[in-house]
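Novice: This is the structure alone, sequence omitted:
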């Protein structure tokens, strides 16, 4: 029977029965690895999982933003390190730049017992044990959700619009955000072009980044799958989006009235929503086929997937889902990973049509219990506590000791012998939580 690895988030007794450590690997240029600087004052990449020093021994969960990292302890504290250009580390305005790579406790949450942490490229968020949502950082696209025109919060600030809700999970894209409540409601805010928030207003507006907006003339370039061309298209689109719509405060997603939501995942400019009834919905940009559906209409519509998803993840332009699959094991259901979307560096872990959800067959008989997606790589944790990686290996982001890409899942064997509790990806770095 499938048994998810269990660890307490706000448990009083965590320290009495186990201690933990955080390891990191991948791109260290922004300090997101939490590793010491070299004698030259530079923070290098880590090509294999390396222990992050300076953290408490009771970390219960980790989360990776695009370029920074967060860790939550059993005492309800939250620690941060990495990029701080937008004050997303929660250290105030005077934190010296050469200390950003050092894990330090977030300031301003002394009266909040944090249960979970989430992050985007420019925003950090914490959920309190009372279901409250706290945010900090800087976003001109309303990703803070603190009210019209509020683009910066140097210290953690409560999202008052959600004060009557108990928040269970938050997911951030490049400029948009989704929040799932304990009773299954879905709220969205931030940059709303391409209906990446679903229907939260009276109309949908198309972004220059949408697959139907000016992409046809670049079709030949995209088919060459050059990373530089793809990034250029995204950046050009961003420049054109200045006048696009922003939802400044969390709003209930109208399309899902009466439908219970159980998981959410935001990519750079698309969203996935998993419902209790097994339906998997997608919305937003489809420039890379990341919506996984033939129907191109704007709004939250079903992904063309034949299996039953149990959890989801989104990278920059690709999507992943852990799904139930038939098994000869009479003790319960097995699971496998389905992928679709951008496949520039084999981050889908398979061949075949990129815009169609298809099984990642390279995992064989492994049973994945969690999956995470970076910019152009993917990471999975199995029921045996093993970590499997695939996609782009640049800067050591696969942890295999090299910069080589991997077209299929490969075991991260340097973690064998470790009891891995969690494995998550930022854009170009990864965090692994292990029991000690």
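Specialist: Received it, and whenever you're ready, just let me know what you need. Everything quoted here is computed from the prediction, not taken from an experiment.
Novice: Pull the contacting residues for residue 368.
Specialist: 322, 335-337, 380-383, 388 (CB atoms under 8 Å, 6 or more residues apart in numbering). Where C-beta positions appear, they are placed from N, C-alpha and C, glycine not excepted.
Novice: can you map out the strands along the stretch 1-150 of the chain?
Specialist: With DSSP state E, counting those that start in this stretch, the ranges of strands along the stretch 1-150 of the chain come out as 20-26, 46-51, 59-64, 68-73, 78-82, 104-105, 114-119, 123-128, 133-138.
Novice: how many other residues sit next to residue 353?
Specialist: Neighbour count for residue 353, taken as other CB atoms under 10 Å: 10.
Novice: which stretch of helix or strand covers it?
Specialist: Counting by DSSP states H and E, no helix or strand carries residue 353.
Novice: can you tell me which residues contact it?
Specialist: No residues are in contact with residue 353 under the rule CB under 8 Å, 6+ apart.
Novice: nearest to residue 298, of the strands of the stretch 1-150 of the chain?
Specialist: In terms of CB to CB, the element of these nearest to residue 298 is strand 123-128, at 24.8 Å.
Novice: what's the average pLDDT for the closest one?
Specialist: Averaged across strand 123-128, the pLDDT comes to 98.
Novice: Stretch 386-394 now?
Specialist: 98.
Novice: any weak-confidence spans in this protein?
Specialist: The chain contains residues with pLDDT under 70 at 1-17, 39-42, 201-244, 327-332.
Novice: which parts of stretch 144-160 are buried?
Specialist: Of all the residues in stretch 144-160, those buried under the rule 16 or more other CB atoms under 10 Å are 144-146, 151, 153-154, 156-159.
Novice: ok, which pair from these is furthest apart?
Specialist: The most widely separated members of these are 151 and 158, with 17.0 Å between them, by CB to CB.
Novice: before we move on, back to that, any chance of the buried residues of stretch 144-160 in CSV, plus distance to residue 343?
Specialist: Shown next, in CSV, are the buried residues of stretch 144-160 (distance: CB to CB, whole Å):
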residue, distance to residue 343
144, 33
145, 33
146, 37
151, 35
153, 37
154, 39
156, 38
157, 39
158, 40
159, 36
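Novice: Residue 251: which of the residues you listed is nearest?
Specialist: Residue 251 has its nearest neighbour among these in residue 145, at 9.6 Å by CB to CB.
Novice: Can you give me the neighbour number for the residue nearest to the closest one when sequence neighbours are not counted?
Specialist: Spatial nearest neighbour of residue 145, excluding adjacent residues (CB to CB, 6 or more residues apart in numbering): residue 189 at 4.4 Å. Other residues near residue 189 come to 26 when the count uses other CB under 10 Å.
Novice: next one: residue 57
Specialist: Based on other CB under 10 Å, the number of other residues close to residue 57 is 13.
Novice: Next up, phi/psi of the residue lying closest to it once chain neighbours are set aside, please.
Specialist: Closest residue to residue 57 apart from its sequence neighbours, by CB to CB, 6+ apart: residue 19 at 4.2 Å. According to degrees, to the nearest 10, the main-chain angles of residue 19 amount to phi -120, psi 170.
Novice: what's the answer for residue 338, then?
Specialist: The phi/psi pair for residue 338 (degrees, to the nearest 10) reads phi -110, psi 140.
Novice: Then residue 432?
Specialist: Reported as degrees, to the nearest 10, the phi and psi values for residue 432 are phi -130, psi 130.
Novice: what number of residues lie near it?
Specialist: 26.
Novice: Next: residue 115.
Specialist: The burial count assigned to residue 115 is 22, neighbours taken as other CB under 10 Å.
Novice: again with the one 5 residues further on
Specialist: Residue crowding around residue 120 was assessed by other CB under 10 Å; the count is 28.
Novice: right, and it touches residue 178 too?
Specialist: No: at 11.3 Å, residue 120 does not count as touching residue 178 under the criterion of CB atoms under 8 Å.
Novice: okay, the strands of the stretch 1-150 of the chain in JSON lines with distance to residue 251 next?
Specialist: Shown next, in JSON lines, are the strands of the stretch 1-150 of the chain (distance: least, CB to CB, whole Å):
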{"stretch": "strand 20-26", "distance to residue 251": "35"}
{"stretch": "strand 46-51", "distance to residue 251": "40"}
{"stretch": "strand 59-64", "distance to residue 251": "24"}
{"stretch": "strand 68-73", "distance to residue 251": "26"}
{"stretch": "strand 78-82", "distance to residue 251": "27"}
{"stretch": "strand 104-105", "distance to residue 251": "33"}
{"stretch": "strand 114-119", "distance to residue 251": "19"}
{"stretch": "strand 123-128", "distance to residue 251": "17"}
{"stretch": "strand 133-138", "distance to residue 251": "14"}
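Novice: Mind checking those strands for the one nearest to residue 434?
Specialist: That would be strand 20-26 among the strands of the stretch 1-150 of the chain, by CB to CB, at 5.5 Å.
Novice: partner strands of that closest one, parallel or antiparallel?
Specialist: Sheet pairing here is set by DSSP bridges, and for strand 20-26 it gives strand 46-51 (antiparallel), strand 429-435 (antiparallel).
Novice: tell me the most buried of the ones you listed?
Specialist: Compared across these, strand 429-435 shows the largest average neighbour count, a mean of 25 (mean count of other CB atoms under 10 Å).
Novice: who's in contact with it?
Specialist: With contacts defined as CB under 8 Å, 6+ apart, strand 429-435 is touched by 7, 18-28, 32-33, 49, 52, 59-64, 67, 69, 71, 372, 374, 379, 387, 397, 399, 415, 418-424.
Novice: let's go with 7 Å and repeat that
Specialist: Identification of contacts with strand 429-435 by CB atoms under 7 Å, 6 or more residues apart in numbering yields 18, 20-27, 32-33, 49, 59, 61-62, 64, 69, 379, 387, 397, 399, 415, 418-424.
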